[in-house]
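K.L.:
return a 3D structure for these sequence lines:
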Amino acid sequence: MKIFFSFAAADRDRVGKLMILVRKAGFEVDSVDGVLARSPITAVASEILSSRVIVAVISSDNPNVFYELGLAVGAGLPAVIVAIGDVLLPNDLASMPFLRLTDDVARDAGSLLLHLRGLNLGQHEQRLPSGSIEEMLVAATRDTQLLEKLSPAKFEQMIGELLESRGWSIERSTARRDAEADFILSDPTTKKVTIVEVKKINSQGRVSVDAVRQFLGHMSVMGVSSGILVSTAGFTSSALAMAADTGAVLITLNELLSSRLRLTPSDISRT
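P.N.:
Modelled structure (predicted):
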């Protein structure tokens, strides 16, 4: 998927670092600089329109940026607005996905990737490279507002792709009943089955003992001895106590990102 970056010449160095990280995540990126290096100025419009998304970097009065943004949006392309400094945005941009750059380019790249993930690209939506899934989830743990913007279904999908990128074979339920898990994992070597459920809750909340009791019930109904319950927040002490000495692993998003769920014949553990 190609992303067109629109920015002022004065912001070239700063935006260039961001573009490098987005490119490393597996995207094709382009800009006016890139177009002019290989084509005449008349080719800029066609390159914008051949992109799937435009990222407009606003730092001050950038007439060219607003022109390119207007061209893209008028043609139906989704857009992400990136602000530099304390610049005020026009009211007509208020409804677009937005982030303000910080001094941490890696964090900014993760935030941008998360915004890109949330865009509705319809039938043209492409699955992001697995490396960028990790970056987006890390960005979400650092900025709760970004995490809140993800729907539970989208978050569940991202967790599935993260686990798949770590070597699991995944079966996704299409018409789940209450007694079914979000994912059914199998070890490619041993074929051992593990169920996974994902809980996206308020950052101030905790997964209750009732939720863990229900999860253990799902494990019993499905006839599996191991399961993973992933939460965006923590677990109550009673929930942790209930899961102790069972085959259920209770793990937060932060813990999942800092660990590797090992593919072993007899157990699932954190490293």
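K.L.:
tally of neighbours for Pro34?
P.N.:
One thing to correct before we go on: residue 34 is Gly, not Pro. 15 (other Cβ atoms under 10 Å). Yep, even glycine has a C-beta here, placed from its N, CA and C like the rest.
K.L.:
what strand or helix carries it?
P.N.:
Secondary structure from DSSP states H and E places Gly34 in helix 32-36.
K.L.:
who does that helix touch, helix- and strand-wise?
P.N.:
helix 44-49 (3 or more Cβ pairs under 8 Å, 6 or more residues apart in numbering; DSSP states H and E).
K.L.:
residues in contact with the helix it packs on?
P.N.:
Helix 44-49 has contacts (Cβ atoms under 8 Å, 6 or more residues apart in numbering) with 4, 6, 30, 32, 35-36, 39, 54, 68, 71-72, 75, 77.
K.L.:
can you check stretch 62-79 too?
P.N.:
Contacts of stretch 62-79 (Cβ under 8 Å, 6+ apart): 4, 6-8, 32, 44-45, 48-49, 51-58, 96-97, 119-121.
K.L.:
swap the cut-off to 6 Å and go again
P.N.:
Ser6, Ala8, Ile48, Leu49, Val53, Ile54, Ala56, Met96, Leu119 (Cβ atoms under 6 Å, 6 or more residues apart in numbering).
K.L.:
and the nearest residue to the first one once chain neighbours are set aside, how far from Ala239?
P.N.:
To tie it back to what came earlier, the one meant is Ser6. Leaving aside its chain neighbours, Ser6 sits nearest to Glu68 (4.2 Å; criterion: Cβ to Cβ, 6 or more residues apart in numbering). Counting by Cβ to Cβ, to the nearest Å, the separation of Glu68 from Ala239 is 51 Å.
K.L.:
do Val230 as well
P.N.:
13 Å.
K.L.:
pick out whichever of those two has more residues nearby.
P.N.:
With neighbours defined as other Cβ under 10 Å, Val230 and Ala239 compare such that Val230 has more, 24 against 21.
K.L.:
and that one, what are its bridge partners?
P.N.:
Beta bridges link Val230 to Val198, Ile251, judged by DSSP bridges.
K.L.:
wait, isn't it in contact with Val198?
P.N.:
Yes. Checked against Cβ atoms under 6 Å, the pair Val230 and Val198 is within contact range at 4.9 Å.
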